[in-house]
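Visitor: Kindly return the folded structure for what I paste below:
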Amino acid sequence: GCIDDLSEYYNNSKIFVVPTRFCAGIPIKATEVASYGLPIVASKIVAEQLNWKDGKECLVGENPQDFAEKIIRLYSDAELWNKIKNNAAEKIKAEYSPKVFEESVRKAFSI
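Guide: Got it, this is the predicted structure:
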């Protein structure tokens, strides 16, 4: 069912998997999760929508076997886990902060 606040789940997890096959717009769950400090294994379409690079801001799974391998790798490699987590957090700050959204709206409406 509907869960209003997912922060407890995010705070008690080590990674987040986003195996989306079809989507449009900003993958909000991926950005929300990254803002909580969870590194992500995502499908190619999600990484492309976010303009995130495989091995930099996330790991990209191409098929079920690849997803499983990337999940295991991210879960067991502390250095990689920290790298992905930190790079994604920097992307979130640079592209999705309230200040960035305000500037985009002002620019769009020439305010």
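Visitor: how many other residues sit next to residue 20?
Guide: Neighbour count for residue 20, taken as other Cβ atoms under 10 Å: 15. Every C-beta, even on glycine, is put in place using the N, C-alpha and C of the backbone.
Visitor: Which pLDDT value goes with it?
Guide: Residue 20 is assigned a pLDDT of 80 by the prediction.
Visitor: again with residue 66
Guide: 97.
Visitor: quick one: it from residue 39, how far?
Guide: Here the criterion is Cβ to Cβ, to the nearest Å. By it, residue 66 lies 16 Å from residue 39.
Visitor: Which of the two has more residues huddled nearby?
Guide: Neighbours per residue (other Cβ under 10 Å) separate residue 66 from residue 39, with residue 39 holding more: 24 against 13.
Visitor: Let me see the contact set for the residue nearest the centre of the chain.
Guide: Geometric centre of the chain, nearest residue: residue 30, 3.6 Å, by Cα atoms, centre = their mean. When contacts are counted by Cβ atoms under 8 Å, 6 or more residues apart in numbering, residue 30 touches 16, 18, 40, 42, 46, 50, 58.
Visitor: contact partners of the longest helix belonging to the chain?
Guide: If you go by DSSP state H, the chain has its longest helix at helix 78-96. Here helix 78-96 makes contact (Cβ under 8 Å, 6+ apart) with 14-15, 31, 34-35, 37-40, 50, 52, 55-59, 73-75, 100.
Visitor: if we can go back for a sec, what secondary structure does the residue nearest to the centre of the chain sit in?
Guide: Secondary structure, DSSP: H, G, I helix; E, B strand; the rest coil: residue 30 is helix.
Visitor: Just give the nearest non-adjacent residue to it, would you?
Guide: Spatially, and ignoring its direct neighbours in sequence, residue 30 is nearest to residue 18 (5.1 Å; Cβ to Cβ, 6 or more residues apart in numbering).
Visitor: The one you found contacts residue 27, correct?
Guide: Yes: using Cβ atoms under 8 Å, residue 18 is in contact with residue 27, at 6.6 Å.
Visitor: what is in contact with the two at once?
Guide: 42, 46.
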